[in-house]
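1. Pasting the sequence and the predicted model now:
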Amino acid sequence: MSNDKTLPPNADPNTAAVDVSTDTSAQPLNEVLSTHPDEDVICTALEVTDAEGDIVSSDSQDEQPQPHDADTSHAPRPQRPMRGGYRPNFFGQAWAVFRRELNLYFLTPMSYLVWTVMLVAAGYLFVTTLKDGGPASMADTFSDLGFLLVFAVPLLTMRLVAEELRQGTLEVLLCEPMGESAIVLGKFLAAWVFVLVLLLPTLTYPVALHVMGNPDIGPVMAGYLGLGLLSMVFVAIGLWSSTATSNQIAAGTLSFAFLFILWLLGRATDSLSEGWINDVLAYLNAVARFDPFRSGIIDSRSLVYILSLTALYLFLSVRFLGLRRLR
């Protein structure tokens, strides 16, 4: 039985049709052209059928050589879809990283160790303040909690990126269709939320003060707001330190050095006399911006400065993570 001979739609009817072999396998296009070199064949319109009658496009035949002068340097890079063909948006990527990191915090023994030590130290300092017979105020307690965060935050943030490098999972995370900004935002929010959870048991301190005296609720709320903002800056610095180094100990040491210097600068502004040096240190120091909140004053300038400093360190974290992707 012979196969029907069909012509392309725009072919000349006077031109002889190309005979297609009746073999069970489809005849390659280059063999057709070599068999009929004199035939007027329009390659762009030619369709070859296989043994089952399915149309095989000429594009699916032998790979055609590309011209050497073709400029492919600016060709768009293909993006690999995630599992199931679904590619989440920026917030979906950040949410996935946030859930993963937050679960790791609650599954890591180091987190509970830091939590326990900080709460014991904070409780001891709070009881010491009550024994001194001072006023029913949490100003000194907020200062003590801020100082404890200088030690706690580096221990909680040093593993965010450095641990990924040690385990080799950062390369896998960077190979996924996920941006550096989503990774940094997810890790930052997870660490910050865990620090806020760590501070939740201290809410019993105002209750104890209310039983023993009559504290003003306004300064207490402002103090906790300032403590949350201060922890936000500390976490951003810790995350940046973790992206800047490939070792957890080095990341924790670098973060602690930065935070301790900031705390010393804050205390130095209290001891220096009035002058331009004191003004410069007070303006650049993030810890000094926490003092108005401890006194019950919500300063908009301090709020903007803390948010700007946090955004700066998050931007640096994104840039450093981008450099690791290029490597």
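-> Received the coordinates, thanks.

2. Residues touching stretch 187-195, excluding its own?
-> Counting by CB atoms under 8 Å, 6 or more residues apart in numbering, stretch 187-195 makes contact with 94, 97-102, 105-106, 111, 149, 152-153, 156-157, 160-161, 231-232, 234-236, 238-239, 314, 317, all of which sit outside it. C-beta: built from backbone N, CA, C; applies to glycine.

3. Try it again at 6 Å.
-> 98, 101, 102, 105, 157, 160, 231, 232, 235, 239 (CB atoms under 6 Å, 6 or more residues apart in numbering).

4. Helices along this protein, start to end?
-> Applying DSSP state H to the chain gives helices spanning 29-35, 90-107, 109-131, 139-157, 159-167, 169-175, 180-199, 204-212, 217-244, 248-271, 276-284, 291-294, 300-326.

5. Can you flag the weakest of those by average pLDDT?
-> Note on those: helix 29-35 shows the lowest mean pLDDT, a mean of 46.

6. sorry, back to before: now the helices of the chain in a markdown table, please, with extra columns for mean neighbour count.
-> Listed next are these as a markdown table, based on neighbours: other CB atoms under 10 Å:
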| stretch | mean neighbour count |
| --- | --- |
| helix 29-35 | 14 |
| helix 90-107 | 16 |
| helix 109-131 | 15 |
| helix 139-157 | 22 |
| helix 159-167 | 20 |
| helix 169-175 | 14 |
| helix 180-199 | 21 |
| helix 204-212 | 14 |
| helix 217-244 | 23 |
| helix 248-271 | 17 |
| helix 276-284 | 13 |
| helix 291-294 | 22 |
| helix 300-326 | 16 |
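
7. Please convert the contacts of stretch 187-195 to CSV, extending it with distance to residue 294.
-> Putting the contacts of stretch 187-195 into CSV (distance: CB to CB, whole Å) gives the following:
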residue, distance to residue 294
98, 30
101, 30
102, 29
105, 27
157, 24
160, 28
231, 14
232, 16
235, 20
239, 25
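
8. Tell me the one among those residues nearest to residue 141.
-> Among those, residue 231 lies closest to residue 141 (CB to CB), at 14.9 Å.

9. now the residue nearest to the closest one when sequence neighbours are not counted: how far from residue 153?
-> In space, and not counting its chain neighbours, residue 231 is closest to residue 195: 4.7 Å by CB to CB, 6 or more residues apart in numbering. Using CB to CB, to the nearest Å, residue 195 is found at 7 Å from residue 153.

10. For residue 219, give its distance to residue 288.
-> Residue 219 is 18 Å from residue 288, by CB to CB.
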